[in-house]
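A.B. asks: model this:
(2 chains)
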Amino acid sequence: MNCTEIQNSLNDYVDGELSLEQQRLVELHLKECSDCQREFALMRSLLSKTATLPKSITPHRDLWSGIAARLGPQKIIPAQPSQELSKRRNGLAPDSLQPPLRSSVWVRRAFAAAAVLIIGLGGLWLARQWSEPAWQVARLQGSPQVGSSQITGEGQLRLGEMLETDASSRAKINVGVIGNVEVEPNSRVRLLQATTTNHRLALDRGTIHAKIWAPPRLFFVETPSATAIDLGCEYTLAVDDHGASILRVTSGWVALEFGGREAIVPAGAMCVTRSGYGPGTPFQEDASERLRAALQKFDFEHGGSEALTTVLSETRNVDSITLWHLLLRVRNDERARVYDRLAALVPPPENVTREGVLNGNPDMLERWQKHLNLGMKKWWQFWQ
Amino acid sequence: MGAEDLEPFDRAEDVLELGGAIDLEDAIAKLPPNARLVLVLHDIEGYRHEEIAEQLGIAVGTSKAQLHRARKLLREVLEQ
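C.D. replies: Numbering: from 1, shown residues only, chains lettered A, B, ... in the order given. Below you'll find the predicted structure:
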């Protein structure tokens, strides 16, 4: 084999896709050829780095057994290492590249979700839809009700049906196979959509804890004042009797949207929504009381410059997500104040200029947000 | 030839300075959608070509071709 043939084979070589004889030929060549050695080193370097990036689709290990049990043993792929895995374990690729064994059903659903996200970008991909006409509900405490029926053990929540808990009851809803939602006392939720690409609940009042292990924008919760959009996360969402809500994100990200107004809330942060206003400005859980009060005035009570002054004086380095959102929300003549404060705490990256940000350049704003290093998984964020 | 024989090659890993994880994620985000999908599913999520091909309704060869293209583009972007 010459160098061109070897370099064309390196992808299959590192993936363990070559026959033993082909492997041997590649390895013999690599021993002798410094150019191909370098190509091989570059390939492995790239793969070792991509393999360290966080996974998005994989269900959490401790949740997988529950999914498998619901799907039934006849649908599970036997846990036999593939030829590829065996080869990788022979040291041809880093251990971290070894794919976990999965259920064929999970694989199908994960792929459907991923593939649907690129529909319209070309005719190559076939997206597959699986209908989920009802979600399973389990009683956690007391006597939760679906419609007029009490749930004593397990039940189902069908499209359009309502699940209610009283002061002493709690329930757990399986969100198809992509996650679950725990419904706290004095809550009411309704199932609005249940397809592979649109898992949608309404939370009319009360509190839910959502844990989702799927690509972003597959799970939605509509409240009277905003829609919460899962970006790969775990969160608590509470709605009061006036339709206002408060979101606390414990893992990943959640977007809140209402009437074209959006907030993107990372783990460790919170956001308040109000009917007619939509989402306010996100803030860190440990933000000072003065900062929270000033944000409330700014977001919902026409607090204006005075509230903004308090916000700017109260923000710390870790409050950069608050300042970044304010860049998009303040009046044009106030934006420089926010820019200067954020730049003092987290200097903008290269090619992000003061002038560009003050003019609302979306690319620069996005780059700065990325530079805040809050953990967004970019390949999913920009998928659509 | 075992894995230990490949160690000298590994010492050349620093040849490719990919920067931090953020730069890598950014580069992945900029890949063409089809190539990006296969790269994410194969190299990050850990699915095999057979699984990718079956579930997306494409040939195994197409999945491999998209992956090879994605890696090539990724290297080009990161080496700039």
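A.B. asks: Tell me where the model's unsure across chain B.
C.D. replies: B:1-22, B:55 (pLDDT under 70).
A.B. asks: Just give me the residue right at the centre of it.
C.D. replies: Taking Cα atoms, centre = their mean, the centroid of chain B lies closest to B:R71, which sits 4.2 Å from it.
A.B. asks: List the contacts of it.
C.D. replies: Residues in contact with B:R71, defined by Cβ atoms under 8 Å, 6 or more residues apart in numbering or on different chains, are A:N11, A:M43, A:L46, A:L47, B:L39, B:D43. No exception for glycine: its C-beta is placed from N, CA and C like everyone else's.
A.B. asks: Redo those residues as JSON lines? Include distance to A:Q37, neighbour count and secondary structure.
C.D. replies: Shown next, in JSON lines, are those (distance: Cβ to Cβ, whole Å; neighbours: other Cβ atoms under 10 Å in any protein chain shown; DSSP: H, G, I helix; E, B strand; the rest coil):
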{"residue": "A:N11", "distance to A:Q37": "16", "neighbour count": "19", "secondary structure": "helix"}
{"residue": "A:M43", "distance to A:Q37": "11", "neighbour count": "22", "secondary structure": "helix"}
{"residue": "A:L46", "distance to A:Q37": "15", "neighbour count": "22", "secondary structure": "helix"}
{"residue": "A:L47", "distance to A:Q37": "16", "neighbour count": "19", "secondary structure": "helix"}
{"residue": "B:L39", "distance to A:Q37": "24", "neighbour count": "23", "secondary structure": "helix"}
{"residue": "B:D43", "distance to A:Q37": "22", "neighbour count": "23", "secondary structure": "helix"}
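A.B. asks: what about the residue nearest to the centre of chain B, which helix or strand?
C.D. replies: Assigned by DSSP states H and E, B:R71 falls within helix B:60-79.
A.B. asks: What about A:E222, how many residues nearby?
C.D. replies: Residues within reach of A:E222, counting by other Cβ atoms under 10 Å in any protein chain shown, total 18.
A.B. asks: same question, the one 4 residues further on
C.D. replies: Using other Cβ under 10 Å, A:A226 is surrounded by 31 other residues.
A.B. asks: Let me know whether it touches A:F258 as I believe.
C.D. replies: Yes. With contact defined as Cβ atoms under 8 Å, A:A226 reaches A:F258; the gap is 4.1 Å.
A.B. asks: where's the closest residue to A:Y13 other than its chain neighbours, which helix or strand?
C.D. replies: Nearest residue to A:Y13, sequence neighbours excluded (Cβ to Cβ, 6 or more residues apart in numbering or on different chains): A:V26, at 5.0 Å. A:V26 is located in helix A:20-32, with elements delineated by DSSP H and E.
A.B. asks: what packs against that helix?
C.D. replies: With contacts defined as 3 or more Cβ pairs under 8 Å, 6 or more residues apart in numbering or on different chains; DSSP states H and E, the packing partners of helix A:20-32 are helix A:3-14, helix A:34-50.
A.B. asks: so how far is A:L10 from the residue nearest to A:Y13?
C.D. replies: A:V26 sits 7 Å away from A:L10, going by Cβ to Cβ, to the nearest Å.
A.B. asks: Can you pick out the residue with more neighbours from the two?
C.D. replies: A:V26 (24 against 20).
A.B. asks: Neighbours of the spatially closest residue to A:Q7 that is not a sequence neighbour, how many?
C.D. replies: For A:Q7, ignoring the flanking residues on the chain, the nearest one in space by Cβ to Cβ, 6+ apart is A:E39 at 5.2 Å. A:E39 has 18 neighbours, counted by other Cβ under 10 Å.
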